[in-house]
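S.K.: Here's my sequence, what's the structure:
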Amino acid sequence: MTQSLLDKVAIVTGSSRGLGQGIALELAHRGANLVITYNSGSEDADRVASDIEKLGRQAIVVKGRGTDRNAPAEIVAAAVKKFGKIDIIVNNAGAGDDALLTDLTHELWDKILDTNLRMPTFLLKEALPHLGQAPRIVNISSVAARVGSAYMTAYAASKAALEGATRVWASELGHKYNATVNCVNPGPIATDMWLRDTDPEVLALWDEKQKETPAAPRIAQVDDIAQIVAFLCEEQSRWSTGSVVNANGGMLFV
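M.R.: Residues are numbered from 1 along each chain as shown. Model (predicted):
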């Protein structure tokens with residue numbers, strides 16, 4: 001692997017496990033230094049940071065709960081104190097629990113929208129004065145933004161809104177900051193959380209659905225998504241901005 005991101009500074013939210021962990025490690029393999037954020041319990045985040053340091057890169061760990069309005073400023077302050085700049089932000093942290101409309105509460109709505117939309121928005125806002133020369137912003141959306149699955153009122157709304165914000169930020173930040181801003185839209189990914197926390201009936205449904213995935217008849221692995229995200233963080237992706245990139249094996253073509 002070439003060091004295509006050598007000495008870039010990347011914030012990857014929710015990177016103590018799962019997809020975020022995979023993205024952080026892939027960026028480190030390409031030469032980046034990392035800011036690892038976690039929601040609760042630092043042990044997993046510390047292990048990811050240790051793995052990154054074994055690759056010869058630097059990493060710091062910062063608590064950043066998605067519902068905490070102070071988290072964006074605290075994450076950015078820690079990144080700037082350690083590294084002096086921010087080149088890459090991957091807004092990966094998300095809340096996925098949801099409910100049927102008949103069971104939706106204000107508390108659940110606020111949790112999901114705060115984590116999936118407000119946190120990325122204000123993290124980027126806080127980072128603006130500290131962005132490097134060619135910053136890359138990658139937001140993790142979901143096929144749920146467009147497929148209209150049941151139980152996903154708040155989650156689908158938050159991801160669809162994030163895709164809309166991505167296009168706005170691409171317009172606002174392109175010339176002023178030489179930035180690109182893109183989304184990727186995974187479907188289900190074989191993380192420990194998916195396999196552990198998903199209802200067995202839903203898993204059984206996806207066992208059948210995955211057979212129809214055009215790229216391959218399987219569920220996504222973390223590395224499938226991490227490679228796409230890493231490309232969008234590199235100079236070679238400079239002519240892609242404001243886009244939602246298929247990261248779901250063709251499960252959803254748009």
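S.K.: Tell me where this protein has strands.
M.R.: For the chain, strands defined by DSSP state E occupy the ranges 9-12, 33-38, 59-63, 86-91, 131-140, 180-186, 244-247.
S.K.: Of these, which stretch is the most buried?
M.R.: Ranked by mean neighbour count, the strands of the chain are led by strand 9-12 with a mean of 29 (mean count of other C-beta atoms under 10 Å). Backbone N, C-alpha and C define where each C-beta goes, glycine included.
S.K.: Parallel or antiparallel, list what pairs with it.
M.R.: strand 33-38 (parallel), strand 86-91 (parallel) (DSSP bridges).
S.K.: Run the chain-centre distance for it.
M.R.: Computed by C-alpha atoms, centre = their mean, to the nearest Å, the chain-centroid distance of strand 9-12 equals 11 Å.
S.K.: OK, contacts around residue 90?
M.R.: By C-beta atoms under 8 Å, 6 or more residues apart in numbering, the contact set of residue 90 is 10-13, 15, 20, 23, 27, 138, 140, 229, 233.
S.K.: closest one to residue 189 among the strands paired with strand 9-12?
M.R.: strand 86-91 (14.6 Å; C-beta to C-beta).
S.K.: can you give me the angle the closest one makes with strand 131-140?
M.R.: Angle of strand 86-91 versus strand 131-140, following axes from the mean of the first three to the mean of the last three C-alpha atoms, to 10 degrees, is 10 degrees.
S.K.: by how many degrees do strand 86-91 and strand 180-186 diverge?
M.R.: Using the same axes, to 10 degrees: strand 86-91 against strand 180-186 is 30 degrees.
S.K.: Run through the stretch 151-254 of the chain and note the low-pLDDT ranges.
M.R.: For the stretch 151-254 of the chain, the stretches with pLDDT under 70 are 196-197, 253-254.
S.K.: Helices of that one, start to end?
M.R.: 153-177, 192-197, 200-209, 222-232 (DSSP state H, counting those that start in this stretch).
S.K.: okay, those helices in TSV with mean neighbour count and distance to residue 79 next?
M.R.: Shown next, in TSV, are these (neighbours: other C-beta atoms under 10 Å; distance: least, C-beta to C-beta, whole Å):
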stretch	mean neighbour count	distance to residue 79
helix 153-177	18	16
helix 192-197	12	25
helix 200-209	11	36
helix 222-232	21	18
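S.K.: List just the one of those that sits closest to residue 249.
M.R.: Of those, the one closest to residue 249 (C-beta to C-beta) turns out to be helix 222-232, at 7.3 Å.
S.K.: returning to that earlier point: and the strands paired with strand 9-12: which comes nearest residue 67?
M.R.: Here strand 33-38 is closest among the strands paired with strand 9-12 (C-beta to C-beta), at 13.3 Å.
S.K.: Residue 180: what's its closest spatial neighbour, skipping adjacent residues?
M.R.: residue 241 (4.0 Å; C-beta to C-beta, 6 or more residues apart in numbering).
S.K.: What is the burial count for that neighbour?
M.R.: By the criterion of other C-beta atoms under 10 Å, residue 241 has 20 neighbours.
S.K.: Spit out the contact partners of it.
M.R.: 170, 174, 179-182.
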